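**Q** coords below, sequence missing:
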């Protein structure tokens, strides 16, 4: 028997797990950077497994959130607009957070956890707006 979790639940759980694993990952990188095996494990778990679950469900979650008539433009807008803030501002914010904590990564980990919580809450909001979990919006058939 297989459980059906749904793309929104998998994305939300993966987002929270990514936020939580920021702490042990940075702890290992900060304290045991000379141990190749620990560094490999600290990076492989969040980026190799957990991020894969979030990224695999992201496209279907986003595209299923819009009607077919606006889907392409809406998803493109999401990617481009979030790229401005996430990809553009995050390195500056990360540098500021680490430098304000005397080179310690813990404020940055808090920032990542807050971003994870916002992502998870947004997933809940998207699911409630859709009113359904599994099926994307179906195209309307026109009567001829």
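**A** Now that the structure is in, tell me what you want to look at. None of the values given here were measured: they were computed from a predicted structure.
**Q** Would you mark the buried spots in stretch 99-117?
**A** 105, 107-109, 111-113, 115-116 (16 or more other CB atoms under 10 Å). (C-beta placed from N, C-alpha, C; glycine too.)
**Q** of all those, which comes closest to residue 54?
**A** Nearest to residue 54 out of those is residue 116 (CB to CB; 9.6 Å).
**Q** what's the helix or strand where residue 119 lies in contact with?
**A** Take DSSP states H and E as the rule and residue 119 turns out to sit in helix 106-130. Residues outside helix 106-130 that contact it (CB atoms under 8 Å, 6 or more residues apart in numbering): 8-9, 11-13, 15-20, 22-23, 26, 61, 64-65, 93-94, 97-98, 100-101, 133, 137.
**Q** Could you pull out the strands in the protein for me?
**A** Counting by DSSP state E, no segments of the chain form strands.
**Q** what residue ranges in it score low on pLDDT?
**A** The model of the chain has pLDDT under 70 over residues 1-3, 131-144.
**Q** if we go to 50?
**A** Where the chain drops to pLDDT under 50, the residues are 1-2, 133-136.
**Q** excluding its backbone neighbours, what's nearest the residue nearest the centre of the chain?
**A** With distances taken as CA atoms, centre = their mean, residue 15 lies nearest the centre of the chain, 4.5 Å away. Once flanking residues are discounted, residue 15 sits nearest to residue 119: 3.9 Å by CB to CB, 6 or more residues apart in numbering.
**Q** quick one: that neighbour and residue 97, what's the gap?
**A** From residue 119 across to residue 97, the span is 18 Å (CB to CB, to the nearest Å).
**Q** What of residue 29?
**A** Counting by CB to CB - residue 29 and residue 97 are separated by 15 Å.
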